[in-house]
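Trainee: I would like the atomic coordinates for the input below:
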Amino acid sequence: MTGDQIAQLTYLALLGGAIAFWLLVQTRGGFGRLAQYAAVWGLIFLGVVAAVGLWGDIRQTVAPQQSVALDEGRLTVPRAPDGHYYLTLEVNGTPTRFVVDTGASQVVLTREAAERAGIDTSELAYFGRAMTANGEVATAPVRLESLGAGPLREQGFRAWVNSGEMPESLLGMTYLNRFERIEITGGELVLTR
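Mentor: Okay, here's the model as predicted:
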């Protein structure tokens, strides 16, 4: 157990002891009443534990899921709860989630995304350099067979694979510049050809 876990366990034990002491003082001999209070507090405790354990699932249910509307040369992407725009495109036929990054000049894949798309990352030459918020990282150029969604698909698209750790692949300006119009309106990113 870590120090934080021991501290949390100690806190819960002290809280439980305080509640138990209060119950004993309040009931003073009334065992039935004590059992009722214990049951109520036990159910409250279980409810809180369940809510904390299921918080990720609850948040996904309450927050609307993102979707991409693709029609007539137009991609519409709703803003995520974290304020970013995420777009799932197919890389060599494999769905890949990108964060739309107008500050990135290139399309940059994580190693994991590149491997899922059939790229052997162990054979790449990481001679490129990119400046990120976490400092400089090595990158390797790749040519993707295809990149896009539905009829908005690019063939033979040049991208980069990042040698460092990245939570998401980046959809930079080399892809975004292929659209005639890029606008953000009403909490949506709209890309129009």
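
Trainee: Break this protein down into its structural domains.
Mentor: Domain assignment for the chain, taken from automatic domain parsing, gives 3-62, 69-192.

Trainee: how about these in TSV, adding mean pLDDT and mean neighbour count?
Mentor: C-beta here means a position set from N, CA and C on the backbone, and glycine is covered the same way. TSV is the format used below for these (pLDDT from 0 to 100; neighbours: other Cβ atoms under 10 Å):
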stretch	mean pLDDT	mean neighbour count
domain 3-62	74	11
domain 69-192	86	16
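
Trainee: Locate residue 141 within the secondary structure: which element?
Mentor: strand 135-149 (DSSP states H and E).

Trainee: ok, then the element right after that strand?
Mentor: strand 152-162.

Trainee: outside of that next one, which residues touch it?
Mentor: 70, 73, 75, 90, 106-111, 114, 119, 121, 124, 126, 128, 130, 137, 139-148, 174-175, 178, 193 (Cβ atoms under 8 Å, 6 or more residues apart in numbering).

Trainee: how about 6 Å then?
Mentor: For strand 152-162, the external contacting residues (Cβ atoms under 6 Å, 6 or more residues apart in numbering) are 106-109, 114, 124, 137, 139-144, 146-148.

Trainee: Repeat that for stretch 89-107.
Mentor: 84-88, 113, 116-118, 144-145, 147-149, 159-160, 168-175.

Trainee: Show me which helix runs longest in this protein.
Mentor: As assigned by DSSP state H, the longest helix anywhere in the chain is helix 3-27.

Trainee: angle of the helix or strand just after it against helix 3-27?
Mentor: The helix or strand immediately downstream of helix 3-27 is helix 31-53, counting by DSSP H and E. Helix 31-53 and helix 3-27 are oriented at 150 degrees to each other (axes from the mean of the first three to the mean of the last three Cα atoms, to 10 degrees).
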